[in-house]
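**Student:** model the following, please.
(3 chains)
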Amino acid sequence: MKLAVSHPWDLSVEEARALQARLAAQVIAELTFDPAAIQTIAGIDVGFRGEIARAAVVVLRFPSLEPLDSACAEVPITFPYVPGLLAFREGPSVLAALERLSTWPDLLIFDAQGRAHPRRLGLASHLGVILDWPSIGCAKSRLIGVHDPPGDAAGDWAPLYDGEEMVGAVLRTRPGVQPIYVSIGHRVDLPTAIEFVLRCTRHHRLPETTRYAHQVAAGEELPIGQQQLRLF
DNA sequence: GCGACAG
DNA sequence: ATCTTGTCGC
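**Tutor:** Got it, this is the predicted structure:
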């Protein structure tokens, strides 16, 4: 499906930061949909092979987490890795992959930060805004902010602060493993974002959405329509 | 000036 | 992210 998205990606570092500051004002930091109506959730991740970015999107049925659809796209890299400007490096490939989807998801979960960003516009919020679609940021490590260590039980979390502002949550998805960084992307609130990440998590630190997307981005096969093996 | 820094 | 073997722990 074609996406009605017109967005400038070929910008200088200074222009990119200025654009983020403007787009950040468009983030809707509230729940604008009915959580009970969510039937599909997409996991999004990007891998790199030399000078090529390979983005993968996997759509899972919710809450069963059964893979329904997936798509990937390879795009030449045109922007360097600059902390805080990840969207300008991975954004184009993610949009290309989304365009190849045949099943549009109700919610997007990114392997990146959302609001927990210097200008409140991590990749998850950035794409959420330009697509004007519900999104959540779910990162493996910290970009900004300070926090106390979350409790040891699955589901325990600690607020992530940037100064006086709470920008996300440091969530323990499994006992005894490093927590992950959850923040709102667009059109959701933090409690709901945390809830969905937890409900997408099975036996691993990362939610199934992210794990499937990571596999596809790495070139592996996705067991769509097949019975899922229980290896644990 | 020094250190931090999603993927 | 990516380059890379063995190794510690459940």
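**Student:** please report how far the most centrally placed residue in chain A lies from residue A:121.
**Tutor:** The residue lying closest to the centre of chain A (C-alpha atoms, centre = their mean) is residue A:110, at 0.9 Å. From residue A:110 across to residue A:121, the span is 12 Å (C-beta to C-beta, to the nearest Å). Heads up, the C-betas are built off the backbone N, CA and C, glycines and all.
**Student:** what of residue A:115?
**Tutor:** Distance, residue A:115 to residue A:121, by C-beta to C-beta: 8 Å.
**Student:** before we move on, the earlier item: which residue, other than its chain neighbours, is closest to the residue nearest to the centre of chain A?
**Tutor:** residue A:124 (3.9 Å; C-beta to C-beta, 6 or more residues apart in numbering).
**Student:** what does residue A:9 give?
**Tutor:** Closest residue to residue A:9 apart from its sequence neighbours, by C-beta to C-beta, 6+ apart: residue A:92 at 5.3 Å.
**Student:** the host helix or strand of the one you found close to DNA strand B?
**Tutor:** Following DSSP states H and E, one finds residue A:92 within helix A:86-99. Yes: judged by C-beta under 7 Å from any atom of the strand, helix A:86-99 comes into contact with DNA strand B through A:86-87, A:90.
**Student:** what average pLDDT does that helix get?
**Tutor:** Helix A:86-99 shows a mean pLDDT of 98.
**Student:** next one: stretch A:126-134
**Tutor:** For stretch A:126-134, mean pLDDT rounds to 98.
**Student:** buried residues in that stretch?
**Tutor:** By 16 or more other C-beta atoms under 10 Å, the buried positions in stretch A:126-134 come out as A:126-131, A:133-134.
**Student:** and for stretch A:89-109?
**Tutor:** A:89-98, A:101, A:105-109.
**Student:** residue A:191 - how many residues pack around it?
**Tutor:** 12 (other C-beta atoms under 10 Å).
**Student:** am I right that it is in a helix?
**Tutor:** Yes: the assignment for residue A:191 (DSSP: H, G, I helix; E, B strand; the rest coil) places it in a helix.
**Student:** how far away is it from residue A:207?
**Tutor:** Distance of residue A:191 to residue A:207, given as C-beta to C-beta: 16 Å.
**Student:** same thing with residue A:129?
**Tutor:** Separation of residue A:129 from residue A:207 (C-beta to C-beta): 22 Å.
**Student:** with residue A:80 instead?
**Tutor:** The gap separating residue A:80 from residue A:207 is 29 Å, by C-beta to C-beta.
**Student:** residue A:193 too?
**Tutor:** Distance, residue A:193 to residue A:207, by C-beta to C-beta: 11 Å.
**Student:** which residues does residue A:202 contact?
**Tutor:** A:65, A:208 (C-beta atoms under 8 Å, 6 or more residues apart in numbering).
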